[in-house]
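J.: Below is the sequence, then the predicted model.
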Amino acid sequence: MGDQGTHAAARPLRILSGVQPSGRPHIGNYFGAMRQNIELSKRSDAFIFIADYHALTTIREPKKLAEYSLGLAKDYLALGLDPGGCAFYRQSDLPEVCELAWILSTVTPMGLLERCVSYKDKMAKGFAPDHGLFAYPVLMAADILIFNAHKVPVGRDQIQHIEMARDFAQRFNHLYGEPVGKTFFTLPEAAIEEHVATLPGLDGRKMSKSYDNTIPLFAPREQLKKLIFSIVTDSRAPGEAKDTEGSALFQLYQAFASAEETAAMRAAFADGIGWGDAKQTLFDRIDREVAPLRERYNDLMAKPAIIEEQLRDNAVALRERHATPLLRTLREAVGLRDLSKAGDAPKVEKEQAAALPQLKQYREKDGKFYFKLADGDVVLLQSIGFENPKDAGAWVARFRQEGGAALSAAVASIAAQTAEAGAALDALKRAEDERAQSKTG
Ligand code: ADP
Ligand code: TRP
């Protein structure tokens with residue numbers, strides 16, 4: 001695994017995403033989540049994982065769960081994920097995730113979980129209403145918050161879960177961050193690719209393992225062809241113009257095709273392409289993309305021990321660098337403390353406030369003006385050099401006013417940033433707000 005500490009400085013945005021090993025992934029999973037994850041892992045501080053704790057809510061066959069987990073790891077590797085360039089891990093190797101989920105569940109209103117669409121959906125599909133399914137979003141929030149991710153690339157159906165994670169983070173920050181404005185968690189955002197947010201399956205409904213209407217990502221060639229030829233279409237004959245709107249076949253094509261190819265397919269629909277020809281074109285397009293990957297996937301067949309070792313090593317490093325220190329802070333914050341010190345007077349507010357990170361403006365030997373955010377000796381954020389001191393000053397003022405929310409606007413002015421910068425800026429903003437309030441109030 002790459003050194004996340006070093007990467008954090010060079011790669012400002014932290015993204016995190018998990019896929020459940022609850023079946024063989026399909027092209028909906030690929031376009032809705034995996035492809036984005038892989039692309040982002042090349043340029044961000046990326047955390048990508050196998051959500052096997054989550055899959056336990058639906059997979060009751062131990063052998064299957066293990067097979068699907070290995071399959072998913074191979075999928076990612078075949079698709080080009082570099083396990084040395086990002087944090088690629090298995091959720092169940094991080095028991096801190098479960099501990100955090102419990103802590104979060106103590107600030108989770110039941111009503112919020114009851115309104116959860118995916119839970120209702122699972123009930124409608126006849127799953128037993130057990131606690132694991134019900135608490136699913138809390139575990140998912142723990143996945144995201146344990147690494148303080150900024151962006152979570154997912155399909156549209158997961159947006160509500162990300163919003164819930166934000167909500168839990170805010171509640172926790174509010175409950176335990178007072179009175180000194182300490183921020184424990186960054187508020188995460190969903191990242192959605194609009195045109196493929198929901199890919200249709202063979203029957204035109206959302207492609208989903210639970211509807212049995214999927215095209216598996218690495219289906220053998222013959223099976224791929226058979227599946228594509230079984231996509232439902234209307235009864236229009238060759239020569240009759242066809243609607244692209246609402247056509248599963250067209251949407252699937254669009255997901256793989258370039259803008260030019262899509263335009264050509266649109267024209268062919270208007271010209272009355274026969275369904276058989278359209279399906280053949282779709283098959284050729286998908287197969288062209290998938291064939292080399294299929295080969296890589298098959299090559300990985302012989303390497304389960306290497307995969308297992310990589311996942312474990314990555315988890316050990318992640319626990320050490322992130323999960324263990326975070327849980328230590330959280331335990332202290334909620335009062336799960338060293339009892340030998342339990343009788344001590346609480347730290348005075350001033351002392352803690354003095355420990356806030358600091359935004360500093362300064363001039364370097366190169367004559368340029370800079371600002372940085374430092375927490376003691378640790379530099380959390382470092383600007384580029386500005387010719388004019390006002391430019392550096394304007395950013396400092398904006399960060400004081402807006403906190404971490406100003407980070408995305410400041411990307412071009414920042415030379416290096418750690419993942420903790422957002423939370424630290426939020427903490428500064430709170431302290432600033434409180435100071436202003438106590439002056440006026
Ligand atoms: P499934 O519905 O097949 O069980 P999951 O719920 O495991 O799929 O979803 C895994 C990821 O793939 C999620 O981020 C989800 O939003 C995305 N995803 C699932 N189905 C689709 C689809 N048909 N189109 C786009 N993205 C999808
Ligand atoms: N719930 C997600 C899904 O079904 C999988 C998941 C678990 C996840 N934890 C996550 C996705 C954290 C993103 C971030 O697809």
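T.: Sure thing, it's come through. Ligands and ions are numbered 1, 2, ... in the order given.
J.: residue contacts, the nearest residue to residue 291 once chain neighbours are set aside?
T.: Distance criterion C-beta to C-beta, 6 or more residues apart in numbering; nearest residue to residue 291, sequence neighbours excluded, is residue 221 at 7.5 Å. Quick note: C-beta positions are derived from backbone N, CA and C, even for glycine. Taking C-beta atoms under 8 Å, 6 or more residues apart in numbering, we find residue 221 in contact with 287, 291, 294.
J.: repeat that with 10 Å
T.: 283, 287, 290-291, 294 (C-beta atoms under 10 Å, 6 or more residues apart in numbering).
J.: And for residue 147?
T.: Counted by C-beta under 10 Å, 6+ apart, residue 147 has contacts 4, 14-16, 45, 47, 49, 87, 94, 97, 186, 188, 318, 321-323, 326, 419.
J.: Now tabulate the contacts of residue 221 in JSON lines and tack on secondary structure and distance to residue 134.
T.: Formatted as JSON lines, those follow (DSSP: H, G, I helix; E, B strand; the rest coil; distance: C-beta to C-beta, whole Å):
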{"residue": "283", "secondary structure": "helix", "distance to residue 134": "41"}
{"residue": "287", "secondary structure": "helix", "distance to residue 134": "41"}
{"residue": "290", "secondary structure": "helix", "distance to residue 134": "37"}
{"residue": "291", "secondary structure": "helix", "distance to residue 134": "42"}
{"residue": "294", "secondary structure": "helix", "distance to residue 134": "38"}
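J.: Closest to ligand 2 out of those residues?
T.: residue 290 (21.2 Å; C-beta to the nearest ligand atom).
J.: Tell me if I'm right that that closest one and residue 256 touch.
T.: Yes: Residue 290 is within contact range of residue 256, at 9.1 Å (criterion: C-beta atoms under 10 Å).
J.: Overlap in contacts, the two.
T.: 27, 30.
J.: Before we go further, residue 370 is sitting in a strand, right?
T.: Yes: per DSSP: H, G, I helix; E, B strand; the rest coil, residue 370 lies within a strand segment.
J.: hey, what's the residue lying closest to it once chain neighbours are set aside bridged with?
T.: Residue nearest to residue 370 in three dimensions, not counting chain neighbours: residue 383, with 5.2 Å by C-beta to C-beta, 6+ apart. On the basis of DSSP bridges, residue 383 is bridged to residue 414.
J.: quick one: buried residues of stretch 417-432?
T.: 417-432 (16 or more other C-beta atoms under 10 Å).
J.: Now, those residues that are in helices?
T.: Residues of those located in helices (DSSP state H): 421-432.
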